[in-house]
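kindly generate the corresponding structure for this input.
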Amino acid sequence: MSSYFFLLFTKYSCFSSYLLFRGRIKPPANPNLIVNLKSSTGSLLTTGSLQYYEGAWKDAANNGDGTFTVITSLNAVSLRMTYEYGSQQVDNITTHNNTYTFTTVNAAVQLKNSLGNLIDAGTVQYYAGAWRTFGTTINGVANKELLPINYSFRMTYEFASIDKQQNLSVDPTVVFQTVNAAVQLKNSLGNLIDAGTVQYYAGAWRTFGTTINGVATKELLPINYSFRMTYEYISNDKQQNLSTNTVVDFTTVLCSVKVSNTQNQPLNNAEVKYYAGTWRSLGTTGTNGIATKELLPSNISFRATYGSVSQDKQQDISINNLVEILLNVP
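I've put the predicted structure just below:
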């Protein structure tokens, strides 16, 4: 009798194995919680880490293939997935006979110019506990798989940086856009003039360009910069926020140097110079004793010479553009 039951059990076991092999019956499900980490394309990612909350945050068993096993007596737990230094938390996840999947998004950070065209090369970072490397734009775009949470992003272009915060669960495309900064040089009459040399400060003084028809332009991020205009060897600095106004104006003043003798009479043919790195020619006085030149409004040293007699005078022409020099000549 026992031999009969043994043969029957053996026969049933073989048949069950056959059905299992043919897929007619399924193996018993995992009684625990299985958690997956997948990319936006559905591939398992193996560099994440998972914790679950059971009175305290505990590490789940890492299966090494992009899956984790949570073994707990609780019926539901909170899960925290960490990937590329960012963390995403979900709550009230059933812990028995269940599978849960965290999915990253393909974050795309774009750099566009003022016309809306993608440009290079921008360097991108994102903040997750510290500023982390995201990548450098190629054809105007940098990509990285990240968890769909809120991050701060930083774009660096032409040595300057700007930050932007965005929730990737709402929109995985982060757009930074430059503005066309225009630096103008005008004379005292308001007419555009050449040639001024322009720089902007971003960690150091950087080349912006030289005015053509009174204007120099460059695509820059819309932040606050210091600009420097150099004209006739004299420089002026000006700070401006390009997010408010993209046109930066520099204007010269008509500097007039009046040279007189001891009788306070105008001296004709007196030679006038101003100091800008070295003594530069401003001009020669006319019958009215005056020489003029358009100069940027600065504190300048002037020198008047008549024959063998010279006299220097320092004056801020942004306050008073008429410089009067009295020479000790009859």
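
only the buried residues of stretch 167-184, if you could.
Neighbour-count burial for stretch 167-184 flags 168, 172, 174, 176, 177, 178, 179, 181, 183, 184 (criterion: 16 or more other CB atoms under 10 Å). Heads up, the C-betas are built off the backbone N, CA and C, glycines and all.

show me the contacts for the nearest residue to residue 295 once chain neighbours are set aside.
Counting by CB to CB, 6 or more residues apart in numbering, the nearest residue to residue 295 once its immediate chain neighbours are dropped is residue 255, at 4.7 Å. Taking CB atoms under 8 Å, 6 or more residues apart in numbering as the criterion, residue 255 is in contact with 274, 282, 292, 293, 294, 295, 300, 317, 321, 323.

find the helix or strand that residue 255 is a member of.
Assessed by DSSP states H and E, residue 255 sits inside strand 253-260.

I'd like the next helix or strand past that strand.
Tracing the chain C-terminally past strand 253-260 and defining elements by DSSP H and E, one meets strand 271-275 next.

for that next one, name the packing helices and strands.
The helices and strands touching strand 271-275, judged by 3 or more CB pairs under 8 Å, 6 or more residues apart in numbering; DSSP states H and E, are strand 253-260, strand 279-284, strand 290-295, strand 299-306.

can you mark which positions in that strand are buried?
Using 16+ other CB under 10 Å as the burial criterion, the residues of strand 271-275 that qualify are 271, 272, 273, 274.

what mean pLDDT does it get?
Per-residue pLDDT values over strand 271-275 give a mean of 98.

what about it, distance to the chain center?
Mean-position distance between strand 271-275 and its chain equals 44 Å (CA atoms, centre = their mean, to the nearest Å).

can I get the contacts of residue 255 in JSON lines including distance to residue 223?
Conversion of these to JSON lines gives the following (distance: CB to CB, whole Å):
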{"residue": "274", "distance to residue 223": "35"}
{"residue": "282", "distance to residue 223": "38"}
{"residue": "292", "distance to residue 223": "39"}
{"residue": "293", "distance to residue 223": "35"}
{"residue": "294", "distance to residue 223": "31"}
{"residue": "295", "distance to residue 223": "30"}
{"residue": "300", "distance to residue 223": "32"}
{"residue": "317", "distance to residue 223": "31"}
{"residue": "321", "distance to residue 223": "33"}
{"residue": "323", "distance to residue 223": "38"}
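
what subset of those is buried?
Restricting the contacts of residue 255 to buried positions leaves 274, 282, 292, 293, 294, 295, 300, 317, 321, 323, with burial counted as 16+ other CB under 10 Å.

which single one of those residues is nearest to residue 215?
Checking these against residue 215 with CB to CB, the nearest one is residue 294 at 16.9 Å.

if we ignore the residues flanking it in sequence, what's nearest the closest one?
Excluding its sequence neighbours, the residue lying closest to residue 294 (CB to CB, 6+ apart) is residue 252, at 4.2 Å.

wait, the one you found sits on residue 189?
No - Residue 252 sits out of contact with residue 189 when judged by CB atoms under 8 Å, with a separation of 9.7 Å.

circling back: switch the buried residues of strand 271-275 over to TSV; also include distance to residue 133.
Supplementary listing: the buried residues of strand 271-275 in TSV, determined by distance: CB to CB, whole Å:
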residue	distance to residue 133
271	61
272	58
273	54
274	50
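
of those, which is the nearest to residue 79?
Distance to residue 79, by CB to CB, is smallest for residue 274 among these, at 73.2 Å.

residues touching stretch 158-177, excluding its own?
Identification of contacts with stretch 158-177 by CB under 8 Å, 6+ apart yields 105-114, 116, 122, 146-155, 157, 202-204, 206, 218-223, 225.

which residues touch the residue nearest to residue 294?
With CB under 8 Å, 6+ apart as the criterion, the residues that contact residue 252 are 185, 186, 187, 188, 193, 231, 294, 295, 296, 297.

tell me the pLDDT at it?
Among the per-residue scores, residue 252 shows a pLDDT of 98.

same thing with residue 330?
87.

give me the distance between the two termini of stretch 299-312.
The first residue of stretch 299-312 is 13 Å away from its last residue (CA to CA, to the nearest Å).

mind listing what's buried in it?
By neighbour count, and taking 16+ other CB under 10 Å as the criterion, the buried residues in stretch 299-312 are 300, 302, 303, 304, 305, 306, 311.

now these as JSON lines including pLDDT and distance to residue 136?
Supplementary listing: the buried residues of stretch 299-312 in JSON lines, determined by pLDDT from 0 to 100; distance: CB to CB, whole Å:
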{"residue": "300", "pLDDT": "98", "distance to residue 136": "45"}
{"residue": "302", "pLDDT": "98", "distance to residue 136": "51"}
{"residue": "303", "pLDDT": "98", "distance to residue 136": "53"}
{"residue": "304", "pLDDT": "98", "distance to residue 136": "57"}
{"residue": "305", "pLDDT": "98", "distance to residue 136": "58"}
{"residue": "306", "pLDDT": "97", "distance to residue 136": "63"}
{"residue": "311", "pLDDT": "98", "distance to residue 136": "59"}
